[in-house]
Structures are given as C-alpha cells and as structure tokens.
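Chemist: I need the structure of the sequence given here:
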Amino acid sequence: MPINVPDNLPAADILARENIFTMRESRALHQDIRALKLLILNLMPLKIETETHILRLLSNTPLQVEIELIHTKTHTTTHTSPEHLAAFYKTFEDVQHHKFDGCIITGAPVEQIEFEQVTYWDELTEIMDWSVGHVTSTMYICWAAQAGLYYHYGIPKYPLDSKMFGVFEHHVRTRQIPLVRGFDDTFLAPHSRHTELKREDLEKIPQLQIVADSKEAGIYLVMTRNGRQIFVTGHSEYEPLTLKDEYERDMNKGLEIGIPKNYFPEDNPVKLPEVKWRSHANLLFSNWLNYYIYQATPYDLNRIM
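Modeler: Model (predicted):
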C-alpha cells in the first residue's frame, strides 16, 4: 500500500521520479480503506527537504498511511515559503482535538541552546504532553529525541568537544525487540549533532530501554517498554548527499567542521559517498509502523488512551 500525500506536495513528484509508490489525496478519497493517520511535526528549517526524507521511508511499507503536516505557530521559519506552509501545513491548534495512530517529531538545529531557551519550547511541550493521550506511538528524531527524553524523563544532554558528524557503526543491544526485527547485529546510520546522551542517565529510568548504540557515536535507539515513545538520536532518514550538503554549508560559513567520518570514499570530499544505511533506515520505519502502530492501534481512533 502507498502513502497518501496532498496532490501538489513537492515531495510527491520527487518520490514518483524515484519509483516510490505514493497515492495522491484525490485518489485515496475514493478508496474504502482505514489508512493509518500520521502527524508529522516538522521543526527543520528546510521543510520540503525534510518532508521528502521522511515520506520516502514511510512509503516503503505495505501499510497505507495518511499524513498531516504541522509546524510551530510560535516560530516563523525563514527557509520555507509562506505559500508552502499555507498550502500544506496546519498548526497544533488545528489538530489538537483529533487523535492519530502515529506521530513523528523531527530534529531541529537548536541543540546548542538550552531546551527552555528555544523559542517554541512551551508549544513543543504542549504537543509532547498531548501526544501521550492522543497518539498510539510517537517517534522523536535527533534533537527531538533529546528534547523528549529531557521533558518526559529528565534526561539531560551533554555538549561534545566536536560535532558527531558522519556515518557510524551501531550494534543491536536488545535483539528481541520488534523495532529491530530483521536488523543485522551491526548496522550503519548517520549522525549530525553537537550534544549527546549518557547511558548511565538512561539506565536509571525503568520505563526506558536502550535498543541500539555505537562505540563511537554513543546511544542511538531508546524506547519506552510499551513502545509508545521511540527516540532516535541519529538521522537514518538522510539522503545520500545530505551530510555532504551540511559539510559544504558549514565550510562556506567559515565554521569549524571536520570531514564527515566514514562517508566520503578515502575521506575525499570530491568523491561521491556510497549509501550504506538505506536498508536499515527502511526497516526501522517499517517496523515502527507495523509493530508499534498498525498492530497496536485501535480501529476507532477515539479509543486511543
């Protein structure tokens, strides 16, 4: 089954050119199928790019998915046109009286700011509170994972001496968890962040379990034991050239940035990187959709507690 997308969403044409099965909203309305309803809170400045990253992974599943995009009302992005936001996005006020099978909260380039100093922190905490009783399972990505763990469980973040930047080897630590069903014992995933979580803080919280980590990049997958909250500290959704674009952007700004590790062949930025994380990225999202949403959500969304 495909993912249902608004007819004119830019990501739809991009995915169609990649031979990824999507269904336009106008066609989906004529099908008598109860699609999974997913809410995506997009906190990234480049919203079209992030939409495409996430929709690409949500499309690689036999489940039919219907998405709703929202952005923060208390922060105005300068990297996405007002026309795009008006056409495809809502605010939390528009959706807060509805329930959803799943929710994704993206990362944001604010990790070097204290959580409470982020301009939309109060709005974000309201959404995170709301998700507990209105969403079957919520996936938090990168900074959002740190924000969610901090807000719900008091887990602090710690600054790194240098940016965790590149593609790193990870190991599954809890094999019997459906979230990593089908994963190799060792798998790759990208990271791009200035802060980290510490194992000893997470192990103090009985509701949480560490599912996968990396010797070099640290904690990667954390989840609540009931599967209602999934925390991903990396960027499995990244496209082949995303790290390259970030590297060149920071270089052009004169920022101190190293070549992303384990990414360019021979660490040569002139050479195109090889994608070695795509299969596990698809598996992560399809496992989440299947085992923590489709298998767990009630047919009647009003029954979500």
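Chemist: Number of residues surrounding the nearest residue to residue 155 once chain neighbours are set aside?
Modeler: Nearest residue to residue 155, sequence neighbours excluded (C-beta to C-beta, 6 or more residues apart in numbering): residue 149, at 3.9 Å. Just so you know, the C-beta spots here come from the backbone N, C-alpha and C atoms, and that holds for glycine as well. Counted with other C-beta atoms under 10 Å, residues neighbouring residue 149 total 24.
Chemist: Residue 41 versus the residue nearest to residue 8 when sequence neighbours are not counted, what's the distance?
Modeler: Counting by C-beta to C-beta, 6+ apart, the nearest residue to residue 8 once its immediate chain neighbours are dropped is residue 87, at 7.0 Å. Here residue 87 is placed at a distance of 17 Å from residue 41 (C-beta to C-beta, to the nearest Å).
Chemist: tell me the contacts of residue 75?
Modeler: Residue 75 makes contact with 119, 120, 123 under the criterion C-beta atoms under 8 Å, 6 or more residues apart in numbering.
Chemist: got JSON lines for those, with distance to residue 100, pLDDT and neighbour count too?
Modeler: As requested, the contacts of residue 75 are exported to JSON lines (distance: C-beta to C-beta, whole Å; pLDDT from 0 to 100; neighbours: other C-beta atoms under 10 Å):
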{"residue": "119", "distance to residue 100": "25", "pLDDT": "95", "neighbour count": "13"}
{"residue": "120", "distance to residue 100": "20", "pLDDT": "97", "neighbour count": "17"}
{"residue": "123", "distance to residue 100": "17", "pLDDT": "97", "neighbour count": "18"}
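Chemist: quick one: which of the residues you listed is nearest to residue 103?
Modeler: Of all those, residue 123 has the smallest distance to residue 103: 14.7 Å, by C-beta to C-beta.
Chemist: Run through who's touching the helix or strand the closest one falls within.
Modeler: Using DSSP states H and E, the secondary-structure element containing residue 123 is helix 121-134. Among residues not part of helix 121-134, those counted as contacts by C-beta under 8 Å, 6+ apart are 41, 43, 72-75, 92, 96, 98-100, 103, 105, 115, 118, 138, 147-148, 151-152, 228, 304-305.
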